[in-house]
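Asks: Just a sequence and a predicted model for now, questions to come.
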Amino acid sequence: MSSPTPKKILIIEDEPEIAQLVKLYLEKDGFRTTIAKTGPEGLKMVKADRPDMVILDLMLPEMDGLEICKKIRIAPDTALLPVLMLTAKAEESDTIIGLELGADDYVSKPFSPKVLVTRVKALFRRLQRSDEPKHSSYAYGSLLLDLSRHEALIDGEEILLTAKEFGLLEQLLHHTGRVLTRDVLLNAVWGYDYYGTTRTVDVHIRRLKLKIPLLDDAIISVKSLGYKLKDRNASD
């Protein structure tokens, strides 16, 4: 039985010493790596090399990490690509913006390379769980979504949802903690042959929040991108 192909990680970092250090430790742990020194070069490599994860420096020449993260999330073929940001402690506000734009995790500089590798592995484990076959049900606080019965329950009391509302909720619960763009949600719930506008998603999200008040604060709108459901158990 052949061993699984090592995960490929793209490092977008303009400081050669840091990039090589990250590369060294990742490859010692069995990962494959490539390096891009600028934002535009990194985006080209994302499309050409199809990495399994991007380690993205926040401060880059020509295009900063926030803009790169946003472009990765907007493109349907990379919308769910794992992104781990490297940030300086002084950039805390930008770090928050980065997470809101869809970065899956971040590590502050200066960092221990071993800690970075640990965070990379933890992120892969977390995302592997979300990519496993869909559950027969999802629990989120007092909310239970039973797929086999096609029921949404709050404290055991059924909430009547339309088919699209139910589908949206299923997608958010299945990808808890991750930004889902409107295009990704449209494709997953309405199908690739849907010709409406992405505002349709906004309307259905508003209806979900009205019907299930606990989702009002739990579903976060990510400006110009889409939505994510807060991760209630982010322990990795």
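Replies: Arrived safely. Residues are numbered from 1 along each chain as shown.
Asks: Now the residue positioned nearest the centre of the chain. Nearest residue, chain neighbours left out?
Replies: By C-alpha atoms, centre = their mean, the chain has its centre lying nearest to Arg178, at 3.7 Å. Once flanking residues are discounted, Arg178 sits nearest to Lys228: 5.8 Å by C-beta to C-beta, 6 or more residues apart in numbering. In short, each C-beta sits where N, CA and C put it, glycine included.
Asks: Give the other helices and strands that whichever helix or strand the one you found is part of contacts.
Replies: Assigned by DSSP states H and E, Lys228 falls within strand 226-229. With contacts taken as 3 or more C-beta pairs under 8 Å, 6 or more residues apart in numbering; DSSP states H and E, strand 226-229 sits against helix 163-174, strand 180-181, helix 182-185, helix 199-211, strand 219-222.
Asks: that older thread, check contacts around the residue nearest to Arg178.
Replies: Contacts for Lys228 (C-beta atoms under 8 Å, 6 or more residues apart in numbering) come out as Gly102, Leu172, His175, Gly177, Arg178, Val179, Leu180, Ile219, Ile220, Val222.
Asks: do the same with Leu84
Replies: Counting by C-beta under 8 Å, 6+ apart, Leu84 touches Met53, Val54, Ile55, Leu56, Ala103, Asp104, Asp105, Tyr106, Val107, Arg119, Val120, Leu123.
Asks: Can you tell me the SS state at it?
Replies: Three-state assignment for Leu84 (DSSP: H, G, I helix; E, B strand; the rest coil): strand.
Asks: tell me the pLDDT at it?
Replies: Per-residue pLDDT puts Leu84 at 93.
Asks: so Leu80 sits right up against Arg178, yeah?
Replies: Yes: Leu80 lies in contact with Arg178 (C-beta atoms under 8 Å); the separation is 6.9 Å.
Asks: got any ranges where the protein has weak pLDDT?
Replies: Scanning the chain for pLDDT under 70 picks out 1-3, 89-92, 94-95, 129-135, 192-198, 233-236.
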